[in-house]
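Asker: predicted model and sequence below, questions to follow.
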Amino acid sequence: MMPRRVMLAAAILSATASGTLAQQEQPRIETLVADGWEVAGYIAVADNRSLILFKHKEHHYLVQCSVLVDAMRNPRILTYCYELR
């Protein structure tokens, strides 16, 4: 029997390969704030990574953004946002 993590990773990879996840554009922090999303929570996971949780009074889901600040990369700030349903 396959562990849950392996099955989840396989499902994500197959969905990405088939283009279902790639069709959705991930939200940006600037767009979220402009559209009325509010910060519901924040945590600094490590020295250079933070997680920001957004809520909106008209939506029944949350959006989580992972922010990485790395002086050795270009661009120096990498952001990945996704919906939590």
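Answerer: Looks like it arrived, so ask away. Numbers count the residues shown, from 1 in each chain.

Asker: just for this protein, where's the confidence low?
Answerer: 1-24 (pLDDT under 70).

Asker: that one: helices as residue ranges?
Answerer: Ranges of helices within the chain are 4-18, 29-34, based on DSSP state H.

Asker: other SSEs contacting the last one?
Answerer: So that's helix 29-34. Helix 29-34 sits against strand 62-69, strand 77-84, with contacts defined as 3 or more CB pairs under 8 Å, 6 or more residues apart in numbering; DSSP states H and E. To be clear about C-beta, it is placed using only N, CA and C from the backbone, and glycine gets the same treatment.

Asker: turn these into JSON lines, including distance to S50 and mean neighbour count.
Answerer: Formatted as JSON lines, the helices and strands packed on helix 29-34 follow (distance: least, CB to CB, whole Å; neighbours: other CB atoms under 10 Å):
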{"stretch": "strand 62-69", "distance to S50": "5", "mean neighbour count": "16"}
{"stretch": "strand 77-84", "distance to S50": "10", "mean neighbour count": "13"}
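
Asker: can you tell which of the ones you listed is closest to T31?
Answerer: Closest to T31 of the helices and strands packed on helix 29-34 is strand 77-84 (CB to CB; 9.0 Å).

Asker: so what strands line up beside that closest one?
Answerer: If you go by DSSP bridges, strand 77-84 pairs up with strand 62-69 (antiparallel).

Asker: mind exporting the strand it pairs with as CSV, just the C-alpha atoms?
Answerer: Extracted C-alpha coordinates of strand 62-69, given in CSV (Å, rounded to 0.1, in the frame of the first residue of the first chain):
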residue,chain,number,x,y,z
LEU,A,62,-8.5,31.1,2.4
VAL,A,63,-5.4,32.0,0.4
GLN,A,64,-2.0,31.1,1.7
CYS,A,65,1.2,32.8,0.3
SER,A,66,4.7,31.5,0.9
VAL,A,67,7.3,34.2,0.6
LEU,A,68,11.0,33.5,0.2
VAL,A,69,13.7,36.2,0.4
